[in-house]
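**Q** Predicted model and sequence follow; I will ask about them next.
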Amino acid sequence: MRTAYRCRAYPTPEQAAVLNRTFGCVRLVWNKTLSERNRRYRTEGARTSYRQTDAALTEWKRSEELAFLSEVSSVPLQQTLRHQHTAFGNFFAGRAHLPRFKSRTGRQSAHYTRSAFRMREGVLTLAKTAMPLRFVWSFGDVDVAALNPTMVVVSREPDGRWYVTFAVD
């Protein structure tokens, strides 16, 4: 059974800068990949596989104009490609609408899998950040020190509040 715990987060200004850059890169990868998928489907009538989008992301990181994608953790970028692949699968199966472009004014989020964060004794450290991310644990019946999350989602709402969500099996 999968459970999620959502808590308020309070990043330092340095962490906020890294996370904002990560959100921007996630949004750029989503929108650029979505544009390429739509163009390919309209012109060739062919679907784009996850492997093709992954190869495109690698090429973008090597290009001079998008080299800044290498400055952030690669895990949220890969997760973005996986989420978009799932979204298109649901669209083609008739379970969902066509995926839309992301806006910078809406909710921003980045998904980190186990390889991109460390959770020890209730302290969360994300990839490419030096200090632990401070959050307020408000679930009295669950010991945060014993928590073993499979995924961590860091998000910022349009009103400026930060949240961290722990997905636990």
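**A** Ah, there it is.

**Q** Which strand or helix spans the closest residue to Phe101 other than its chain neighbours?
**A** Counting by CB to CB, 6 or more residues apart in numbering, Phe101 lies nearest to Asn31, which is 5.0 Å off, once chain neighbours are set aside. The C-beta positions use only the backbone N, C-alpha and C, and glycine is treated the same way. Assessed by DSSP states H and E, Asn31 sits inside helix 13-44.

**Q** The helix or strand that that helix is followed by: which residues count as buried?
**A** The helix or strand immediately downstream of helix 13-44 is helix 50-62, counting by DSSP H and E. For helix 50-62, burial by neighbour count (16 or more other CB atoms under 10 Å) applies to 52-54, 56-57, 60-61.

**Q** now those residues as JSON lines including pLDDT and distance to Phe166?
**A** Shown next, in JSON lines, are the buried residues of helix 50-62 (pLDDT from 0 to 100; distance: CB to CB, whole Å):
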{"residue": "Gln52", "pLDDT": "96", "distance to Phe166": "32"}
{"residue": "Thr53", "pLDDT": "96", "distance to Phe166": "27"}
{"residue": "Asp54", "pLDDT": "96", "distance to Phe166": "27"}
{"residue": "Ala56", "pLDDT": "96", "distance to Phe166": "31"}
{"residue": "Leu57", "pLDDT": "97", "distance to Phe166": "26"}
{"residue": "Trp60", "pLDDT": "96", "distance to Phe166": "30"}
{"residue": "Lys61", "pLDDT": "96", "distance to Phe166": "29"}
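
**Q** Considering those residues, which is situated nearest to Cys7?
**A** Among the buried residues of helix 50-62, Leu57 lies closest to Cys7 (CB to CB), at 30.3 Å.

**Q** what's the neighbour count on the closest residue to Thr3 other than its chain neighbours?
**A** Closest residue to Thr3 apart from its sequence neighbours, by CB to CB, 6+ apart: Val168 at 5.1 Å. Residue neighbour count, defined by other CB atoms under 10 Å, stands at 14 for Val168.

**Q** and Val168, what does it touch?
**A** Val168 makes contact with 2-5, 147-150 under the criterion CB atoms under 8 Å, 6 or more residues apart in numbering.

**Q** at 10 Å instead, please
**A** 1-5, 142, 147-151 (CB atoms under 10 Å, 6 or more residues apart in numbering).

**Q** Cheers, nothing more for now.
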